[in-house]
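Asker: build me a model from this:
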Amino acid sequence: MPDVSNQPALDIFQFRNEVIGDYRRYIESFLKISDPKVKEFVTKELEQGKLWSDPLVQLNPTYKKGATVTQLVQQGVLHPECDRYFSKNGKPFHFHHHQEQAFLAAQRQEP
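Answerer: Just a heads-up that it's a prediction; the model follows:
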């Protein structure tokens, strides 16, 4: 795994602005508007960001921990091969509680 401790942090808002700028230049590269009024209107719309939405920032709650894949395999909820596919470096994947509940509901053939 590469050492990222000396790398600068990603400024996600600056990154967004760079992507939007690239996208705007791309759009403008094929806009050939000869009518001054239409060109003014389109330029105004681009300035107002009509082709892209404002950034969305959300905070996600920490989900309640559920069983590990190994525990669910041992309980007969999941197929034994799941242990093989849902592990990393010999460490079993830890599902969230709502995921565990979904597996149990599916086992009971409930919606």
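Asker: any weak-confidence spans in this structure?
Answerer: Along the chain, segments meeting pLDDT under 70 span 1-5.
Asker: and it, what are its domain boundaries?
Answerer: 12-48, 65-108 (the TED database).
Asker: and among the ones you listed, the most buried is which?
Answerer: Most buried of the domains of the chain, by mean neighbour count (mean count of other Cβ atoms under 10 Å): domain 65-108, with a mean of 14. Yep, even glycine has a C-beta here, placed from its N, CA and C like the rest.
Asker: endpoints of that one, how far apart?
Answerer: 21 Å (Cα to Cα, to the nearest Å).
Asker: from the chain's centroid, how far away is that domain?
Answerer: Centroid separation between domain 65-108 and its chain, computed with Cα atoms, centre = their mean, to the nearest Å, is 23 Å.
Asker: ok, now stretch 62-70?
Answerer: Relative to the chain's own centre, stretch 62-70 is displaced by 20 Å; criterion: Cα atoms, centre = their mean.
Asker: for the protein, just list every one of the strands.
Answerer: Secondary structure of the chain by DSSP state E: the strands cover 65-68, 87-88, 91-92, 94-96.
Asker: closest one to residue 43 among those strands?
Answerer: Nearest to residue 43 among the strands of the chain is strand 94-96; the distance by Cβ to Cβ comes to 47.6 Å.
Asker: hang on, residue 104 packs against residue 77?
Answerer: Yes: using Cβ atoms under 8 Å, residue 104 is in contact with residue 77, at 6.3 Å.
Asker: coming back round to it: dump the domains of the chain to a markdown table, plus distance to residue 6.
Answerer: Output for those, formatted as a markdown table (distance: least, Cβ to Cβ, whole Å):
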| stretch | distance to residue 6 |
| --- | --- |
| domain 12-48 | 19 |
| domain 65-108 | 25 |
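Asker: which stretch among these comes nearest residue 56?
Answerer: domain 12-48 (10.2 Å).
Asker: from start to finish, how long is that closest one in a straight line?
Answerer: End-to-end span of domain 12-48 (Cα to Cα): 21 Å.
Asker: biggest helix in this structure by residues?
Answerer: Criterion DSSP state H: the longest helix present in the chain is helix 12-29.
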